[in-house]
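Peer 1: Got a predicted model here, sequence first, then my questions.
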Amino acid sequence: MELLQDENKVKEWAEANSESIGLNRSKIEAKYIWNPGGFVNQSYRITDGQTFRHLKLSQEQKAAGLKQWVKISEHLTYNYKAPRLIREITQEITSGYSYGLVFDFIEGKPLSSISDPLPVVEKVLRSLHQLHADKGIRMAVVSEDEDCNYAAAFTDEYINRFEEDLQIIRAEKHLLDFVTADTLDWFDTEVEALRIMVSQHPSFQRKASDIVHNDVNWQNILVNDNNEFWIIDWDDLTVFGDAAMDYSVLLWPLYKSKDWTYCRDLVIDLAGLAILERIEFYFRAKLLDDVIDVLADYVEAEQVPELKEMAQKRAKEIHLRAYPEYLSLYAK
């Protein structure tokens, strides 16, 4: 990836399409937005100095989530504070990225930077509870009834990702001098053990039919000074998911904090006591994600020299913090 070259391509595209995205052609600037979660998609902020837009680009083979978002964009904006969709893109702008969407740019701070996040977390929890049973979304995006249980949803979200990550990590093991071969073998064993535990646990045997965002981490919740919030990045939404996934990702930063009991009781009030068993497994997977997935991010950062040092420093720090924590909580 050539960052400056890609920013120039996006600028040229925005100038040529300025009218359709509501910008002044003569003053357009484009800036790449680094997503700490990885390099699968590309995001850019486009502005003419007065109006701001967010451009999200995807490779064609990974564009299904963005295309689904188009179908329900107005519904998501009206009901769940998703950014307003401005236009769809079906041409290649940067190399390999042939599909994309342009949205309003949300001027807000990530929830992770808010000094008192609990009031916003409570509002987001209630919004997610509404989302999980949203019949309008189900009717709009489902073509046939998929028969999978909560164990399959968990496997699709975490186990498959871990296995893909480990392939990337093993292929470029020479880059990771702080990870031993024995550690990688232990990762394999732990991922398989987690898969078996979930596949056999009674709470995961029910049909997975919850509508979930699937990535409602605190970077994807933007907040203004009035504690109004927006939820972004809806391209992982599924109608065959587990509400426990959303609750676990949102509440993970508060797990074991002074606010956890209050949040746990609110989830019970919204979704029932039974969901807590699955949430505990999702918390475990979330911590393991901080152990494994960031190593794949470390490897993939080699493709972006301009961001390599910053991205790899972040990934290594997260891994070195999360790995001993995981061992202390879950290793037998």
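Peer 2: All right, it came through fine.
Peer 1: show me where this protein has strands.
Peer 2: 29-33, 42-47, 52-58, 85-89, 99-104, 109-110, 210-212, 221-223, 229-231, 238-241 (DSSP state E).
Peer 1: Just send the ones you listed back as a markdown table, with mean neighbour count, distance to Val142 and mean pLDDT too.
Peer 2: Where you see a C-beta, it was placed from the backbone N, CA and C, and this is true even at glycine. Formatted as a markdown table, the strands of the chain follow (neighbours: other CB atoms under 10 Å; distance: least, CB to CB, whole Å; pLDDT from 0 to 100):
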| stretch | mean neighbour count | distance to Val142 | mean pLDDT |
| --- | --- | --- | --- |
| strand 29-33 | 16 | 31 | 94 |
| strand 42-47 | 20 | 28 | 95 |
| strand 52-58 | 21 | 22 | 96 |
| strand 85-89 | 17 | 20 | 96 |
| strand 99-104 | 22 | 21 | 96 |
| strand 109-110 | 14 | 31 | 94 |
| strand 210-212 | 24 | 10 | 96 |
| strand 221-223 | 23 | 26 | 96 |
| strand 229-231 | 21 | 21 | 96 |
| strand 238-241 | 20 | 5 | 94 |
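Peer 1: wait, what's in contact with Asn226?
Peer 2: Contact partners of Asn226, counting by CB atoms under 8 Å, 6 or more residues apart in numbering, are absent.
Peer 1: I'd like to know how far it sits from Ser113.
Peer 2: Distance, Asn226 to Ser113, by CB to CB, to the nearest Å: 15 Å.
Peer 1: Show me where this protein dips below the pLDDT cut-off.
Peer 2: 1, 37-39, 143-145, 332 (pLDDT under 70).
Peer 1: Pick out the residue nearest the middle of it.
Peer 2: For the chain, the residue nearest the mean C-alpha position is Asp215 (3.4 Å; CA atoms, centre = their mean).
Peer 1: hang on, that residue packs against Asp233?
Peer 2: Yes - look at Asp215 against Asp233 with CB atoms under 8 Å: they come within range, at 5.7 Å.
Peer 1: show me the contacts for the closest residue to Asp290 other than its chain neighbours.
Peer 2: Nearest in space to Asp290, with sequence neighbours left out and distances taken as CB to CB, 6 or more residues apart in numbering, is Ala322 at 3.6 Å. If you count contacts by CB under 8 Å, 6+ apart, Ala322 has them with Leu287, Asp290, Val291, Val294.
Peer 1: Leaving out chain neighbours, which residue sits closest to the last one?
Peer 2: In space, Val294 comes closest to Ala315 once its chain neighbours are excluded; the distance is 4.1 Å by CB to CB, 6+ apart.
Peer 1: If you tally nearby residues, what's the number for the one you found?
Peer 2: Ala315 has 23 neighbours, counted by other CB atoms under 10 Å.
Peer 1: follow-up on the earlier one: now the strands of the chain in CSV, with distance to Leu270?
Peer 2: Shown next, in CSV, are the strands of the chain (distance: least, CB to CB, whole Å):
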stretch, distance to Leu270
strand 29-33, 32
strand 42-47, 31
strand 52-58, 30
strand 85-89, 28
strand 99-104, 28
strand 109-110, 24
strand 210-212, 12
strand 221-223, 17
strand 229-231, 17
strand 238-241, 16
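Peer 1: Can you say which of the ones you listed is nearest to Glu122?
Peer 2: strand 229-231 (10.6 Å; CB to CB).
Peer 1: who does that closest one touch, helix- and strand-wise?
Peer 2: helix 118-132, strand 221-223 (3 or more CB pairs under 8 Å, 6 or more residues apart in numbering; DSSP states H and E).
Peer 1: tell me which residues of the first one are tucked away?
Peer 2: Going back to what we said before, that points to helix 118-132. Within helix 118-132, the residues that qualify as buried by neighbour count (16 or more other CB atoms under 10 Å) are Val120, Val121, Lys123, Val124, Leu125, Ser127, Leu128, His129, Leu131, His132.
Peer 1: now, which of those sits nearest Ser95?
Peer 2: Distances from Ser95 to the buried residues of helix 118-132, taken by CB to CB, are shortest for Leu131, at 35.2 Å.
Peer 1: does that closest one really touch Asn214, like I thought?
Peer 2: No - using CB under 8 Å, Leu131 makes no contact with Asn214, being 10.9 Å away.
Peer 1: tally of neighbours for Glu107?
Peer 2: 9.
Peer 1: if I read this right, it contacts Val223, doesn't it?
Peer 2: No - in this structure Glu107 lies outside contact range of Val223 using CB under 8 Å: 10.7 Å.
Peer 1: Quick check: closest non-adjacent residue to Leu3.
Peer 2: Glu306 is the one closest to Leu3 (CB to CB, 6+ apart), at 4.4 Å.
Peer 1: Now do that neighbour against Gln5, distance only.
Peer 2: Applying CB to CB, the value for Glu306 to Gln5 is 11 Å.
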